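A.B. asks: From the sequence below, what's the structure:
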Amino acid sequence: MADTLSRTQAQEGAPGWRLLLGRLMLSVRFPDFAHALAFVNAVSDLAELHQHHPEIDLRWGRVVLAVASHDVGGITERDLQFTSGVDEFVAEHGGTVEHPRLTELEIAIDTTDAARIRPFWKAVLKLTEEGDALVDPDRRLPSVWFQPLDEPRGVRNRIHLDVTVAHDEAQARVDAALSAGGTLVSDVQAPAFWVLADADGNEACVSTWQGRDE
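C.D. replies: Residues are numbered from 1 along each chain as shown. This is a model prediction of the structure:
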């Protein structure tokens with residue numbers, strides 16, 4: 001079984017990609033759908049050659065790839081070899097890498113008893129359990145996880161959004177939110193995450209992979 005890499009090793013091993021929520025991701029803009037599709041076809045051929053298949057989101061003029069070694073639950077050298085091969089196709093097919101638009105969304109529910117409410121969210125969203133979280137097997141919906149509370153919290157909201165972005169986009173995202181009327185609740189854990197709130201006190205955490213390696 002392949003050894004998993006640390007977050008730092010994964011990001012440094014694929015500098016043209018961005019690490020978000022345990023997957024290396026690449027966002028590429030193309031002049032039209034035909035160029036984007038040709039790029040996807042080239043990636044597909046490479047995936048078959050490596051027997052290592054990424055998740056692919058194809059839109060008009062844009063492709064987003066995500067890759068990880070799901071059999072070991074992390075990033076491995078196999079992923080780095082694959083990303084290196086894909087990098088060669090970007091310019092060849094008229095693509096431009098654009099990472100600021102990469103965003104992964106999680107829903108966090110603060111609770112004193114996760115076991116009591118997890119079945120409800122699993123059923124209503126038709127998600128599957130993955131560790132302590134509930135996830136969409138097709139990765140179309142955001143995952144849901146449960147933040148433990150020592151005692152009930154009646155004043156502050158009990159649902160917040162976890163917004164994971166590329167590490168070099170985080171500060172710009174935080175600044176934009178503050179300029180739009182938000183407030184900084186805490187940056188003690190930055191650059192792992194910043195806690196922000198809107199004018200009503202609803203919270204969002206802008207998160208990155210940084211500061212999380214043990």
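
A.B. asks: those helices in this structure, which residues are they?
C.D. replies: Secondary structure of the chain (DSSP state H): helices located at 7-13, 33-50, 77-92, 114-125, 170-179.

A.B. asks: Packing partners of the shortest one?
C.D. replies: For helix 7-13, the helices and strands in contact under the criterion 3 or more Cβ pairs under 8 Å, 6 or more residues apart in numbering; DSSP states H and E are strand 18-20, helix 77-92. Just so you know, the C-beta spots here come from the backbone N, C-alpha and C atoms, and that holds for glycine as well.

A.B. asks: Please dump those into a markdown table; it should also carry mean pLDDT for every row.
C.D. replies: Formatted as a markdown table, these follow (pLDDT from 0 to 100):
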| stretch | mean pLDDT |
| --- | --- |
| strand 18-20 | 98 |
| helix 77-92 | 96 |
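
A.B. asks: list the contacts for Ala66?
C.D. replies: By Cβ atoms under 8 Å, 6 or more residues apart in numbering, the contact list for Ala66 reads Arg23, Leu24, Met25, Leu26, Pro54, Glu55, Arg139.

A.B. asks: re the thing from before, if you average pLDDT over each of the helices of the chain, which is lowest?
C.D. replies: When these are compared by mean pLDDT, helix 114-125 comes last with a mean of 88.

A.B. asks: What residues of it count as buried?
C.D. replies: Buried residues in helix 114-125, counted by 16 or more other Cβ atoms under 10 Å: Ala114, Arg118, Trp121.

A.B. asks: What's the biggest strand in the protein, counting residues?
C.D. replies: Secondary structure of the chain per DSSP state E: the longest strand is strand 103-111.

A.B. asks: So for that strand, mean pLDDT?
C.D. replies: pLDDT averaged over strand 103-111 gives 90.

A.B. asks: one step back: out of the contacts of Ala66, which two sit at the greatest distance?
C.D. replies: Leu26 and Arg139 (15.4 Å; Cβ to Cβ).

A.B. asks: Quick check, His160 in contact with Ala108.
C.D. replies: Yes: shown here, His160 and Ala108 form a contact pair, counting by Cβ atoms under 8 Å, at 5.3 Å.

A.B. asks: Go through the helices of the chain and name the closest to Pro100.
C.D. replies: Closest among the helices of the chain, using Cβ to Cβ: helix 170-179, at 7.2 Å.
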